[in-house]
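In: Need coordinates for the following:
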Amino acid sequence: MTVCLEVEKVTKHFPHRRERVCTLHEVTFDVHDKEFVCIIGPSGCGKSTLLKIIAGLDAPSTGEVRLRGESIEEPHPKISMVFQSFALFPWRTVVQNVEFGLEARGVPRPQRRKIALELLEMVGLKGLENLYPKEISGGMKQRVGIARALAVDPEVILMDEAFSAVDEFTAQVLRSEVLELWEETEKTFLLVTHNLTEAIEMADRIIVLSSKPARLKCNVPVHLKRPRNRGEPRFLKFQKELFELLREELENTIVRHKLRAVHAHHGLEDMEK
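Out: Numbers count the residues shown, from 1 in each chain. As a prediction, the model looks like this:
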């Protein structure tokens with residue numbers, strides 16, 4: 001398979017008081033054309049930061065992200081992002097939100113309106129194009145976000161916890177719809193999620209990050225036929241294996257925090273002496 005996206009030794013530091021805190025440490029992996037990849041890891045390990053770097057919304061401290069060999073140093077026209085918080089403009093109608101990226105690129109109004117209406121029909125929102133975000137449900141808002149991401153005809157679609165802001169029933173419907181869109185459009189999808197079941201259900205491959213500073217812990221292909229049954233023994237076995245990988249990281253984090261507390265306590269005792 002052809003490599004579409006390359007993440008090479010990406011490290012990210014953030015300033016914190018008088019020191020620098022490392023969030024990501026030399027994270028390296030590739031994503032292939034038309035692949036659906038999920039990124040999982042302990043809470044707060046830097047998954048969303050990594051996705052923003054891939055999107056060109058943030059810069060790595062060191063390392064590089066490349067799309068077909070071209071270094072990504074700013075938002076790229078061939079990479080779109082779907083946000084957890086929907087990120088719709090409340091003053092724009094549904095169709096105007098979908099048109100936004102096309103409008104920013106100077107696409108004439110008749111053409112961008114045609115593209116937006118076709119995509120709204122594709123995501124099941126035909127007839128709602130003139131409503132405002134406050135007038136539609138969370139699931140509908142996320143469909144608008146997905147349509148907006150597709151409107152600019154990207155090669156890669158990034159999704160940051162895209163189903164976590166809606167109820168589980170709606171999330172399950174959205175997952176099925178996104179998989180259908182992925183198969184229909186043949187785009188490359190990269191989804192950050194904290195939900196192991198979601199990752200196994202959707203991904204061709206799962207990138208597992210360690211606790212902070214996040215390193216690549218493992219790169220796991222998902223050899224399960226689609227559509228995937230959550231109650232199937234192989235699915236449950238794989239889920240248990242992923243859970244154990246993440247539990248190791250959680251336990252490591254807890255141990256480190258306890259050791260820091262012990263060292264701090266000893267330091268105070270030394271000062272008192």
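In: okay, CA-based contacts and neighbour counts for the rest of this
Out: OK.
In: Just give the closest residue to Ala162, not the sequence neighbours.
Out: In space, and not counting its chain neighbours, Ala162 is closest to Gln84: 4.6 Å by Cα to Cα, 6 or more residues apart in numbering.
In: quick one: contacts for the one you found?
Out: If you count contacts by Cα atoms under 8 Å, 6 or more residues apart in numbering, Gln84 has them with Met159, Asp160, Glu161, Ala162, Phe163, Ser164, Ala165.
In: pLDDT of the helix or strand Glu249 falls within, averaged?
Out: Element membership for Glu249 (DSSP states H and E) is helix 233-272. With pLDDT averaged residue by residue, helix 233-272 scores 66.
In: Report the contact partners of the nearest residue to Ile79 once chain neighbours are set aside.
Out: Nearest non-adjacent residue to Ile79, counting by Cα to Cα, 6+ apart: Val156, 4.9 Å away. Contacts for Val156 (Cα under 8 Å, 6+ apart) come out as Lys78, Ile79, Ser80, Lys187, Thr188, Phe189, Leu190.
In: Across the sheet, point out what pairs with the last one.
Out: Spelled out, that is Leu190. Note on Leu190: beta-bridge partners by DSSP bridges are Val37, Leu158.
In: Could you check how many residues crowd around it?
Out: 24 (other Cα atoms under 10 Å).
In: I figured it hits Lys34, correct?
Out: No: with contacts defined as Cα atoms under 8 Å, Leu190 does not count as touching Lys34, sitting 10.2 Å away.
In: now the contacts of Val156: which count as buried?
Out: In terms of neighbour count (16 or more other Cα atoms under 10 Å), the buried residues within the contacts of Val156 are Ile79, Ser80, Lys187, Thr188, Phe189, Leu190.
In: Could you export the residues you listed as TSV, including distance to Arg205?
Out: Shown next, in TSV, are the buried ones among the contacts of Val156 (distance: Cα to Cα, whole Å):
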residue	distance to Arg205
Ile79	19
Ser80	20
Lys187	15
Thr188	12
Phe189	11
Leu190	10
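In: quick one: the strands in the protein?
Out: 3-16, 19-32, 36-40, 62-67, 70-71, 79-82, 156-160, 188-192, 205-209, 216-221 (DSSP state E).
In: and the residue nearest to Ala162, backbone torsions?
Out: phi -60, psi -40 (degrees, to the nearest 10).
In: and what of Phe163?
Out: phi -110, psi 0.
In: number of nearby residues for it?
Out: Neighbour tally, Phe163, other Cα under 10 Å: 25.
In: so what's it up against?
Out: Gln84, Ala171, Leu174, Arg175.
In: hang on, the earlier thing: now which of the contacts of Gln84 would you call buried?
Out: Met159, Asp160, Glu161, Ala162, Phe163, Ala165.
In: Rebuild these as CSV, extending it with distance to Glu26 and pLDDT.
Out: Listed next are these as CSV, based on distance: Cα to Cα, whole Å; pLDDT from 0 to 100:
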residue, distance to Glu26, pLDDT
Met159, 22, 96
Asp160, 21, 93
Glu161, 23, 92
Ala162, 26, 89
Phe163, 28, 90
Ala165, 30, 83
